[in-house]
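Trainee: sequence unavailable; structure follows:
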């Protein structure tokens, strides 16, 4: 039986805003649709997951992400550095506020299982407010009105708690709030091998990799789903 489900935010629910990602791409002669932008995110994350790739800090992570992102959008290899540099200069501050089309539907289906749910995100302090304002989900708070979206037990932001994935402690913080012990009956769903899968394994949890395009560089040793609702096929019957 599954005792709790923890979910990443970026790449599961939230993606970079198209209105800030598109202008540099259009200036380079491309106008990708939303599906292409979402796919570019997963490709960029998978390339950062390749074994031997140095563990990036905040600045190098963003640069590497943008290089791979624009390449997947169709920018020629010779132009990727220039377009990524323009993006990094022009995109100074923004949230990941594009909600994946099927994400809310998938979350509602998961909530229907009646299992404790928590969000565990490497973020900048904004993820809880973003998820609430976008109508994705919210943690009950007497100081905040009930809003649209699914009520979850906890939303953990790495910036707020001072611990980031893959450190297993961030998962334990979430599980303490949910009142659920760590173990293989706890599932964590995320889009990153480096942060989500590795962190969940270190915490003794069951990682499920959200990998819609089969980009995972090391697919062995953990489970994969192509959409959030795919988790029902893995745990639904066990939890029902």
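Mentor: Cool, got the structure. Please read all numbers here as calculations on a predicted model, not as lab measurements.
Trainee: which residues sit against the helix or strand hosting residue 176?
Mentor: According to DSSP states H and E, residue 176 maps onto helix 169-178. For helix 169-178, contacts defined as Cβ atoms under 8 Å, 6 or more residues apart in numbering pick out 4, 6, 116, 118-120, 153-154, 156, 158, 161, 163-165, 181-182, 186, 188, 199-200, 203, 205. All C-beta atoms are positioned from the backbone trio N, CA, C, and that covers glycine.
Trainee: between the helix or strand following that helix and helix 169-178, how big is the angle?
Mentor: Downstream of helix 169-178, the first helix or strand assigned by DSSP H and E is strand 186-190. Strand 186-190 and helix 169-178 meet at an angle of 130 degrees, taking axes from the mean of the first three to the mean of the last three Cα atoms, to 10 degrees as the criterion.
Trainee: can you give the distance from strand 186-190 to the centre of its chain?
Mentor: In terms of Cα atoms, centre = their mean, to the nearest Å, the gap separating the centre of strand 186-190 from the centre of its chain is 11 Å.
Trainee: for whichever helix or strand comes after that strand, buried residues please.
Mentor: Helices and strands here follow DSSP H and E; after strand 186-190, the next one along the chain is helix 198-202. For helix 198-202, the buried set under the neighbour-count rule, 16 or more other Cβ atoms under 10 Å, comprises 198, 199, 200, 201.
Trainee: from what I can see residue 153 touches residue 115, true?
Mentor: No: shown here, residue 153 and residue 115 do not form a contact pair, counting by Cβ atoms under 8 Å, at 9.9 Å.
Trainee: residues contacting the nearest residue to residue 56 once chain neighbours are set aside?
Mentor: Of all residues not flanking residue 56 in the chain, residue 64 sits nearest, at 5.9 Å (Cβ to Cβ, 6 or more residues apart in numbering). Residue 64 sits next to 44, 47, 48, 56 when contact means Cβ under 8 Å, 6+ apart.
Trainee: got a pLDDT number for residue 64?
Mentor: If you check residue 64, the pLDDT there is 91.
Trainee: any idea which helix or strand carries it?
Mentor: Per DSSP H and E, residue 64 falls inside helix 58-73.
Trainee: so for that helix, what gets flagged as buried?
Mentor: Neighbour counts over helix 58-73 (16+ other Cβ under 10 Å) mark 62, 64, 65, 66, 67, 68, 69, 70, 71, 72, 73 as buried.
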